[in-house]
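Enquirer: A structural model of the following input is requested.
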Amino acid sequence: MKTPINSTFMSFAIVVLAIFVFPFNSLKSENGKFIRFTGAWQQILSMADRGDYLLIGTSSEGIMKFNKQTGKTVKVAGSDSVIKNLNVDMQVDKNNKVWGLSNSSSLIEYNGEGFNIYNISDIDYGSFAFSCLMIDDHDNKWVGTGNKGLFKFDGTQWKNYNKANSKLLSDNILCLDKDVNGNIWIGTDVGLFKFDGTDFTLYQKVNTGLISNIIKSIAIDSKNQVWIGTDRGMVKYDGTEWTTFKDSNITVLVNDIIELYIDNNDNLYVGTRVGFAIYDHTNWIEYNRSNSGLTDNFVSEIITDASGNMWLSAYLDGLIKFDGTNWSNYQFLKQNYQFYRDSHVVEDKNGIIWVQGTKAIQSFDGYNWRRYGYTNSDLPVNVLDYYDQLLTCIAVDSNNNIWVGSLKFGVIKFDGSTWTTYNTSNSGLQDNGIRSLHVTKDNKLIVNAGITTTIYDGVSWQSTNRLATSMAFDKAGVIWNVSTKPNVLWYWENIDGKAVQVHFYPPVYQDTNLAFIGLVIDSEDNKWISSTSGLLKYDGTNWTRYDFTNLGYNFPYKGVAAITIDKNDELWMFVSYGYLVRFDGGENWKVDETFIPAMGAPNYITSITVDMNGNLWAGTSWNGVYVFNEDEIILNPADVIETFIQNDYKIFPNPVEDFININGLESNNFEYHIFDLSMKQVAHSFGVSNQLDVSSLNTGIYYLVIKEKSKLQAMKFIKK
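Expert: Now for the predicted structure:
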């Protein structure tokens, strides 16, 4: 007997089917050609509560007005660049006006209708940057800077306190707060200062209970207790005694403090790189991605509103609301990602785009970006160290493992949940400086490191002393390689049980002005080689060189920076730092007008790939990631599902390993379905609690559909 399908759920299925058949929500650029992802407004840097809405300062796209009831946002910043950059700090005065600092050295007032700007730059203090803002009981605005000390603005005049004209020992002001007696507390990189309006009192590690002189955050409660966040933990000062809070003597992690905040009930909130904690002066409660609805452990901003709701900025993962029970994540910052330079792009078997930058890797499922960096993963990189820990390359194998090469730490594998590092101390790698990664058709990993090439079959490592610049596979599965100095095309052949290199030298192999860069092979086994001076083809017998003079474009440089080939055997190339050139291998060439440098294309392309939807993805040296399609760009239209359904339920953790929790259920009497990305149903049952066991699911992306009474909601989750 067949199980009947209720009409409500059938309606949902029809909607889903319509979405897949008619991808009307495909993303398009203004000219219908390409979209650029640059991480333009990926970070919330400041927030202020104005009752019905939050005023939010973002990293580069200006000020957003967020309606707390509807979740909708309106951009309120004008075209004035000073107002757009109001993102250093925000505070609310006693008249409910919001005061903020811009990174262009201006103090800005927002009264709910418009902006007033007060420029310190009108005074000749030279170049400086704001760091923090505090409003005292007399409505004076105290402004900290990174190199010019402390400023006071009384509404008319500015006054400056610095190490040259006062007892401040540093002009680098990191944080500010005021106590109940009107004293100003100042955090610097050389200690803590108290200023009573006349005299400065210095507190340092050598003469107090401070555990560090680097004061990163200050919060003062109603009992006049000063809570001090440092780079080594937290200290409380009650005017007489100093009490230390460190990872070693309490149950939560507070050693790396980003933010301290105290609400009207004197509860202390501690934001760190590993989550956030709440202290009610008796108990500590810690929240992170593994035990809550936090989507990023890096909590950089915390405020509470009059209803007791907590509003958090989770660094690169949007705005989060926590009412003490339920978590809500607001992804209105659509470009919720951050690209460092030298981006490389690959696509996994589920259609997920993975982008490797120098400090992090990021995935894109067609709608949402997810970032993996040192704050929320086991990638062995530190964003503060610029040169010696850079990521260099990325590859994906047939098991959907992501492989990442680094400049210092070897190769890192990510299987969706676990990070594993392979280096010279625990594997057969001969060098930890990884130049490129490739995966063979039989799922072997080829690693180019230092001056060696190493093959890893999942068990053993085999190395050679020739470095391959690029690799590709012919129809027989043979690995072909190109190397430079000299320029040579070669492959491995098994002769009498030994691996022997077979070389093919082009006529230009000793040309010192030409170097091989990349290699692709078409369905006819022609080898196409990109170089610093044009394109070369080897058909097994003859060499042909193309220098693009036939295209009618006077390219300033004929080098092919990146090359790929699509399923139709069409070559895609970036020539001369940004011209997109397409070639069918015969007589037809095309230069796409939308990508020429004069129209804003990237200044240098580092890698390209064509996804299963026919979109071209291009990673650049400094300008983020571009996606291109000459018709329209389709980016996983399945995500439209969530726009049709109500949003009453929240799930966590996400990604999930074994059990997923559901917030917002009215009872345990509900029905649920789980679909994979192809919309195949993989689970269906009736709930008995707000926790579902998903441990049997394979690693991947799924949709959880919940039906409770008249409610119906679909939510996407990632299974580790």
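
Enquirer: surely Asp280 meets Asn267?
Expert: Yes - counting by CB atoms under 8 Å, Asp280 touches Asn267, with 5.3 Å between them. Heads up, the C-betas are built off the backbone N, CA and C, glycines and all.

Enquirer: Kindly report the domain assignment for this protein.
Expert: According to automatic domain parsing, the chain comprises the domains 7-26+637-719, 390-467, 478-546.

Enquirer: Would you map the helices across the protein?
Expert: With helices called from DSSP state H, the chain shows them at 7-21, 81-84, 641-644.

Enquirer: circling back to that earlier point, comparing Asp280 and Asn267, which shows the higher neighbour count?
Expert: Neighbours were counted for Asp280 and for Asn267 using other CB atoms under 10 Å; Asn267 has more, 17 against 11.

Enquirer: List the contacts of that one.
Expert: Ile278, Tyr279, Asp280 (CB atoms under 8 Å, 6 or more residues apart in numbering).

Enquirer: Could you check how far it is from Thr418?
Expert: According to CB to CB, to the nearest Å, Asn267 and Thr418 sit 36 Å apart.

Enquirer: Ok, Ile660 next?
Expert: To Thr418, Ile660 is 19 Å away according to CB to CB.

Enquirer: more neighbours, those two?
Expert: Taking neighbours as other CB under 10 Å, Ile660 and Thr418 compare with Ile660 leading, 24 against 10.

Enquirer: And the more buried one, how far from Asn399?
Expert: Relative to Asn399, and taking CB to CB, Ile660 is found at 23 Å.

Enquirer: and what of Phe115?
Expert: Per CB to CB, Phe115 is found 54 Å from Asn399.

Enquirer: More neighbours: those two, which one.
Expert: Set Phe115 next to Asn399 and count neighbours by other CB under 10 Å: Phe115 wins out with 19 against 13.

Enquirer: ok, that one touching Ile108?
Expert: Yes - with contact defined as CB under 8 Å, Phe115 reaches Ile108; the gap is 5.7 Å.

Enquirer: ranges for the strands of the stretch 551-700 of the chain?
Expert: Under the criterion DSSP state E, counting those that start in this stretch, the stretch 551-700 of the chain contains strands at 560-565, 571-575, 579-583, 589-591, 605-610, 616-620, 625-628, 650-652, 659-663, 671-676, 681-686, 691-693, 700-708.

Enquirer: Repeat that for the stretch 301-450 of the chain.
Expert: 301-304, 310-313, 319-322, 327-330, 344-347, 353-356, 361-364, 369-372, 391-396, 402-406, 411-414, 419-422, 434-439, 445-449.

Enquirer: Tell me which of those sits nearest to Ser689.
Expert: Ranking those by proximity to Ser689 (CB to CB) places strand 327-330 first, at 18.0 Å.

Enquirer: Name the strands paired with that closest one and say parallel or antiparallel.
Expert: Applying DSSP bridges to the sheet, strand 327-330 is found paired with strand 319-322 (antiparallel).

Enquirer: Kindly state the beta-bridge partners for the residue nearest to Ile218 when sequence neighbours are not counted.
Expert: With sequence-adjacent residues excluded and distances taken as CB to CB, 6 or more residues apart in numbering, Ile218 is closest to Asp177, at 4.2 Å. Here Asp177 shows beta-bridge partners Trp185, assigned using DSSP bridges.

Enquirer: Can you get me a residue count around Asp177?
Expert: By other CB under 10 Å, the residues close to Asp177 number 22.

Enquirer: you'd agree it is up against Ile220?
Expert: Yes - when contacts are counted by CB under 8 Å, Asp177 is listed as touching Ile220 (5.1 Å).

Enquirer: before we move on, the earlier item: who wins for proximity to Thr201 among the strands of the stretch 301-450 of the chain?
Expert: With distances scored as CB to CB, the stretch of the strands of the stretch 301-450 of the chain nearest to Thr201 is strand 301-304 (28.0 Å).

Enquirer: Reformat the domains of the chain as CSV; add mean pLDDT and distance to Trp185.
Expert: CSV is the format used below for these (pLDDT from 0 to 100; distance: least, CB to CB, whole Å):
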stretch, mean pLDDT, distance to Trp185
domain 7-26+637-719, 67, 37
domain 390-467, 85, 39
domain 478-546, 79, 57
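
Enquirer: how about low-confidence regions in the stretch 51-200 of the chain?
Expert: Within the stretch 51-200 of the chain, the segments meeting pLDDT under 70 span 59-62, 77-88, 103-105, 121-128.

Enquirer: at 50 what do you get?
Expert: By pLDDT under 50, the weakly predicted segments of the stretch 51-200 of the chain are 78-79, 122.

Enquirer: where's Asn207 relative to Thr358, distance?
Expert: In terms of CB to CB, Asn207 sits 42 Å off from Thr358.

Enquirer: Ok, Gly351 next?
Expert: Applying CB to CB, the value for Gly351 to Thr358 is 25 Å.

Enquirer: go on, Gly373?
Expert: In terms of CB to CB, Gly373 sits 11 Å off from Thr358.

Enquirer: same question, Ala129
Expert: For Ala129, the distance to Thr358 (CB to CB) stands at 24 Å.

Enquirer: the more surrounded of those two?
Expert: Thr358 (19 against 14).

Enquirer: Verify the stated contact: the more buried one with Leu391.
Expert: Yes - the pair Thr358 / Leu391 is scored as a contact, 5.7 Å apart, by CB under 8 Å.

Enquirer: which residues does Ile303 bridge with?
Expert: Trp311.

Enquirer: Give the full set of residues in contact with Leu55.
Expert: Contacts for Leu55 were tallied using CB under 8 Å, 6+ apart; they are Met47, Ala48, Ile63, Met64, Lys65, Phe66, Val76, Met90, Val98, Gly100, Tyr110.

Enquirer: now do Asn297
Expert: By CB under 8 Å, 6+ apart, the contact set of Asn297 is Thr272, Arg273, Val274, Gly275, Asn288, Arg289, Ala314, Thr375, Asn376.

Enquirer: tally of neighbours for the fourth one?
Expert: Burial measure for Gly275: 22 neighbouring residues, criterion other CB under 10 Å.

Enquirer: ditto for the last one
Expert: Asn376 sits with 23 neighbouring residues when counted by other CB under 10 Å.

Enquirer: Equivalent analysis for the first one, please.
Expert: The number of residues packed around Thr272, counting by other CB under 10 Å, is 25.

Enquirer: okay but it is in contact with Leu260, surely?
Expert: No - the criterion here is CB under 8 Å, and Thr272 misses it with Leu260 at 10.2 Å.

Enquirer: so what sits against both of the two?
Expert: Counting by CB under 8 Å, 6+ apart, Thr272 and Leu260 have no shared contacts at all.

Enquirer: contacting residues around the nearest residue to Ile412 once chain neighbours are set aside?
Expert: Nearest in space to Ile412, with sequence neighbours left out and distances taken as CB to CB, 6+ apart, is Val404 at 4.6 Å. Neighbour list for Val404: Gln356, Ile361, Leu379, Leu391, Cys393, Ile394, Val411, Ile412, Lys413, Phe414, Leu437 [criterion: CB under 8 Å, 6+ apart].

Enquirer: rerun at 6 Å
Expert: Counting by CB atoms under 6 Å, 6 or more residues apart in numbering, Val404 touches Ile361, Leu391, Ile394, Ile412.
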